[in-house]
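Peer 1: Following is a predicted model, sequence given first.
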Amino acid sequence: MSDYLDPNNEELLKDFYVEAELQVEGLEQNILVLENDPGNSDAVDEIFRAAHTLKGAAATVQMNELASFTHLVEDVLDEIRSGNISIDEAVIDVLLGSIDVIKAMLEARSSGGVYEEDISSIKDGLSRILEGKDASTPKVEEPAAKSAPESGEESIEVSEVTDSLTEYDILELLESAESGESVYEIKVSFNEDHPMNTVGAVQVFAALKGFGMVLKTIPDFDKLYDDIFLPEVFYYIAASESVERLQKAVDIPGAVTGVDIKKLESPSAAVPSASEAEGEEKKKPGKTEEKSAVQAPPLEKTGTGTRTTDLKKSRKGSSVLRVDSKRIDNLLNLVSETVITKATFNQIGSRFSEVQRDFSNTLKGNNELLRKLFSSFPGYLEKLNNGEPLKDIKTEFFDEFGSVFTMWSNFESDFKNTVVKLHSTSQSLARTTGELQEGVMEIRMVPISQIFSRFPRLVRDASKMLNKKIKLVIEGEETELDKSVIEDLLDPLIHCVRNSVDHGIESPAERQAAGKPAEGQVLLKASNEGNMIVINIEDDGKGIDVKSVYDKAVERGVIHPSKILSDIEAFNLIFEPGFSTAKEVTDISGRGVGLDVVRKQIEKLNGNVSVWSEKGKGTKLTIKIPLTLAIIQGLLVRVGTEIYAIPITSVIDSHRIKQSDIRMIDNYEVFNVREDVVSLIRLNRLFNIRKDEDGEYHFVVVVGSGDKKMGLMVDSLIGEEDVVIKPLMDKFTNSPGIAGATILGDGMVALIIDVSQLLELGLKKEREHRQHLSASIV
Amino acid sequence: MKTKMDFPSINERKPEGVKEDGSPYRVLVVDDSMFVTKQISQILTSEGFEVVDTASDGLQGLEKYKELYPNIDVVTMDITMPKMDGVSALEKIIEFDKEAKVIMISALGKQDLVKKALLIGAKNYIVKPLDRVKVLERIIQSIK
């Protein structure tokens, strides 16, 4: 089809996928908008436009199955747009189903295959919608199935109209020509295989319009405008142009197969050609194009309606990063500043070599003088012995060697200047690199709407399946987040939202019985909080039942029956592995993977997740994650000769304690922080670093994740610094408690401590120890 | 010694997108699909045209045309676009410059819009999916 699109044109193909993804996303969002507001014509226009563009692009890249399916969808959308189909739930369902098919087709293509599943049921659904429309408003545009007979009818009409020109007609035509003009009869045959073969007739008309007055066409102009292919059309034009020029204007490559121009002179000449025309027209019904089903809507409907704000805008693609050009400009600016700084460094470098040359020269002079001093010493002694006055010798001595005091001063001031300059330049370099780092990070920032946009559909489908009424409210979707973080955030979020929909929100009946509105609400909200992003998933459902959680936990052996839990601790139990309070496993959530997976994934992102709930009122999950993963603020600590970085986000506080502050409970070292008792881990023992443990003072960094705390005992605190995280090679990742490594300013490697893993490690030990104890008591 | 001077290349063909004086024809591509814009640009630049600017909706297209005028030779105009559709943009461009050479780009199924555009003054139309030969043929025809 398209000889242009080389299958190896990777770049173009990549663009296609990016754009197709956007279109599909836009389609889905706007269909959901439509579901809530069926009268939203902007949304309909937007949907139609997206489907249309997708179809065109798919055909270009020769994804025929996609193009033809999208075409079918477009037919339905067209009918919706022209108001022939009213939107109801069934229509929305079929449309959403079609989008799933489109998605699957795209996916199959992008992984190199072709979608081959059976889509007849969804196709049936689409044509049912079309037919349904047909039954209610039979007269408006014909659907695919009906096009053939109807166009047949039409062409009969056409042939009725194409009466041959009577003598009178010809006379009339000739009369309407102004003096100096002749009337031409132009017979144009059109190519039926040309794309949009129905347009040619009008195109010729438009071309002729430039030369003179088009007096008449056979068939009538109105018929030219109809969407029916005409193999031949006669134009009658009054013009003063030469036949050659008319011929050239009319002969449109591709569309026109033949042109025959005659000058109309006398009535007798025109009659035969007119009857010939009639004959041509009579043949037409058989040839009439059968594909005319796709009719564009009435013109006025395709107006230039501007998009309203409630329309979901297209989202950014996921594999290709689209960056605001301002950010790039900013970066470029910074880079140019760095280049300038580099030039300054070069200058300073050459200044330094100058200064060094100066230094060696001065040193040489200095040495020479010293040598002279030593060699002339005996001479002076002799002079002194010879009784020359001391004063004279002194003067002579100063004249000779006095310069030794001043010879360095020049060098000194030069050296000082250069050093000052070096300092200021390195300072500006530090500033620029800081900004550069920020700028690059900013480039990776994408709005969280990229993943939030998936939830309306998810909640809709889930609530439908569960027969619940749920409204999803999304807030703060413009909040920006590192791209890599956003990708890893999707699964946990889906899990949480599903959880709210499935376990949180009650059925409408239950809700009404509890005096709540039948429609439940799930709030998905993102916001910035310093260097962290906070995501809340809040529902107004039944809340967490502390008692059932507790019972379940005991039953599953997650906690010991004797343990007394605060509410918060009980809520957090839902993050424990193998924990699900739902009575039965449903399709939506509770497939064996619980919220523990969510917590694990969030902690992998250096974030944490907490839960708060009030029985009967609702549950709120709060996920906090750092803006970016690549750079964190770390507290550097020293243990023996090693330096470790502790992510500052998990540091609660630090203390200096004496050996005597450490007490033993259950064979564990603990110490008191205000009212709390915090257990201690000696990092040197954990990491097997040999060192002297009997200092007078110890430094303890209290770290925590969620509601758990622990003190890490270190030798000294070095300070806070931005550390760039470098992942460790696979074979090292097994070492528990280490998240990665970083390179410090002096080139040393520091390991980054994984606090949540350490806590788990400590807890596990504690649990084992308890079990061991209770076993021994029994 | 330069071999080229001894053996004049007989296969050399003047690229179609270049005027008599050697300067390229200047094209404004108006299309809301980045993909199509890129494709048209690739086709045209390969034949020596210069794509001076692109616009992603009708309104922007109109503004850019006014901005570029008279240093613009051809406009390719998509029909279905947000903000202002291609036909309205065409109308406004023709209003501004009667001689404007605008070529409509349309997908199948938009016959009546194409017809309307042609009557308003579009020089020609191209049907998607775009085909290199056709695109060049139509554009060259309308400028010569």
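Peer 2: Cool, the structure landed.

Peer 1: quick one: the strands in chain B?
Peer 2: B:26-30, B:50-55, B:74-78, B:102-106, B:124-127 (DSSP state E).

Peer 1: Could you dump those strands into CSV and include distance to chain A?
Peer 2: Every residue, glycine included, has its C-beta placed from N, CA and C. What follows is the strands of chain B, written out as CSV (distance: least, Cβ to the nearest Cβ, whole Å):
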stretch, distance to chain A
strand B:26-30, 14
strand B:50-55, 13
strand B:74-78, 9
strand B:102-106, 7
strand B:124-127, 4
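
Peer 1: want to try JSON lines for those strands, with mean neighbour count and mean pLDDT as columns?
Peer 2: Converted to JSON lines, the strands of chain B look like this (neighbours: other Cβ atoms under 10 Å in any protein chain shown; pLDDT from 0 to 100):
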{"stretch": "strand B:26-30", "mean neighbour count": "24", "mean pLDDT": "92"}
{"stretch": "strand B:50-55", "mean neighbour count": "19", "mean pLDDT": "90"}
{"stretch": "strand B:74-78", "mean neighbour count": "28", "mean pLDDT": "91"}
{"stretch": "strand B:102-106", "mean neighbour count": "26", "mean pLDDT": "89"}
{"stretch": "strand B:124-127", "mean neighbour count": "25", "mean pLDDT": "86"}
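
Peer 1: JSON lines for these, including distance to residue A:379?
Peer 2: Shown next, in JSON lines, are the strands of chain B (distance: least, Cβ to Cβ, whole Å):
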{"stretch": "strand B:26-30", "distance to residue A:379": "91"}
{"stretch": "strand B:50-55", "distance to residue A:379": "88"}
{"stretch": "strand B:74-78", "distance to residue A:379": "98"}
{"stretch": "strand B:102-106", "distance to residue A:379": "102"}
{"stretch": "strand B:124-127", "distance to residue A:379": "104"}
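
Peer 1: need the strands for the stretch 101-250 of chain A, in chain order.
Peer 2: A:182-190, A:212-218, A:232-239 (DSSP state E, counting those that start in this stretch).

Peer 1: and those strands, which is most packed in?
Peer 2: strand A:232-239 (a mean of 24; mean count of other Cβ atoms under 10 Å in any protein chain shown).

Peer 1: Starting from that strand, tell me which strands it pairs with and how they run.
Peer 2: strand A:182-190 (antiparallel), strand A:212-218 (antiparallel) (DSSP bridges).

Peer 1: Spatially central, which residue of chain B would that be?
Peer 2: residue B:76 (3.6 Å; Cα atoms, centre = their mean).

Peer 1: So what pairs up with that one in the strands?
Peer 2: What pairs with residue B:76, by the bridge criterion (DSSP bridges), is residue B:29, residue B:103.

Peer 1: State the pLDDT value of residue A:28.
Peer 2: pLDDT recorded at residue A:28 is 85.

Peer 1: again, but for residue A:427
Peer 2: pLDDT, residue A:427: 91.

Peer 1: Phi and psi next, for it.
Peer 2: For residue A:427, the backbone dihedrals are phi -60, psi -40 (criterion: degrees, to the nearest 10).

Peer 1: Which neighbouring residues are in contact with it, exactly?
Peer 2: Listed by Cβ atoms under 8 Å, 6 or more residues apart in numbering or on different chains, residue A:427 has no contact partners.

Peer 1: how far away is it from residue A:420?
Peer 2: For residue A:427, the distance to residue A:420 (Cβ to Cβ, to the nearest Å) stands at 11 Å.

Peer 1: again, but for residue A:214
Peer 2: 85 Å.

Peer 1: how does chain A divide into domains?
Peer 2: A:10-141, A:150-287, A:325-443, A:447-626, A:631-777 (automatic domain parsing).

Peer 1: Which one of those domains has the poorest average confidence?
Peer 2: Among the domains of chain A, domain A:150-287 scores lowest, at a mean of 68.

Peer 1: for the stretch 501-650 of chain A, what spans make up the strands?
Peer 2: So, for the stretch 501-650 of chain A - with DSSP E, counting those that start in this stretch - the strands run A:520-529, A:532-539, A:608-614, A:618-626, A:631-639, A:642-647.

Peer 1: So for chain B, which of those sits nearest?
Peer 2: Among those, strand A:520-529 comes nearest to chain B, with 27.1 Å by Cβ to the nearest Cβ.

Peer 1: next one: the closest one to chain centre, how far?
Peer 2: Distance of strand A:520-529 from the chain centroid (Cα atoms, centre = their mean, to the nearest Å) equals 19 Å.

Peer 1: Show the residue spans covered by the helices in chain B.
Peer 2: B:3-6, B:34-46, B:58-68, B:86-96, B:111-120, B:132-143 (DSSP state H).

Peer 1: which stretch among those comes nearest residue A:223?
Peer 2: helix B:111-120 (11.9 Å; Cβ to Cβ).

Peer 1: Same question for that closest one: list its buried residues.
Peer 2: Across helix B:111-120, burial judged by 16 or more other Cβ atoms under 10 Å in any protein chain shown covers B:111, B:112, B:113, B:114, B:115, B:116, B:117, B:118, B:120.

Peer 1: Report how many residues lie close to residue 93.
Peer 2: Since you didn't name a chain, this refers to chain A. For residue A:93, the count of nearby residues is 15 (other Cβ atoms under 10 Å in any protein chain shown).

Peer 1: Can you look at chain B instead?
Peer 2: Neighbours around residue B:93, by other Cβ under 10 Å: 27.

Peer 1: Would you mind measuring from it to residue B:99?
Peer 2: 10 Å.

Peer 1: ok, now residue A:330?
Peer 2: Residue A:330 is 42 Å from residue B:99, by Cβ to Cβ.

Peer 1: Neighbour count for these two, which is higher?
Peer 2: residue A:330 (17 against 7).

Peer 1: Give the closest residue to that one in space, chain neighbours not counted.
Peer 2: residue A:439 (5.5 Å; Cβ to Cβ, 6 or more residues apart in numbering or on different chains).

Peer 1: give the contact list for the one you found.
Peer 2: Per Cβ under 8 Å, 6+ apart, neighbours of residue A:439: A:327, A:330, A:331, A:334.

Peer 1: could you redo the last one with a cut-off of 6 Å?
Peer 2: A:330, A:331, A:334 (Cβ atoms under 6 Å, 6 or more residues apart in numbering or on different chains).

Peer 1: by contact count, what packs against the helix or strand hosting the first one?
Peer 2: Assigned by DSSP states H and E, residue A:330 belongs to helix A:325-385. Applying 3 or more Cβ pairs under 6 Å, 6 or more residues apart in numbering or on different chains; DSSP states H and E, one finds that helix A:325-385 makes contact with helix A:390-401, helix A:409-443.

Peer 1: among those helices, which is the most enclosed?
Peer 2: Scoring these by mean count of other Cβ under 10 Å, the most buried comes out as helix A:409-443, with a mean of 14.

Peer 1: how far off helix A:325-385 does that helix point, in degrees?
Peer 2: 160 degrees (axes from the mean of the first three to the mean of the last three Cα atoms, to 10 degrees).

Peer 1: quick revisit: for residue A:616, which of the strands paired with strand A:232-239 is the nearest?
Peer 2: Per Cβ to Cβ, nearest to residue A:616 of the strands paired with strand A:232-239: strand A:182-190, 73.6 Å.
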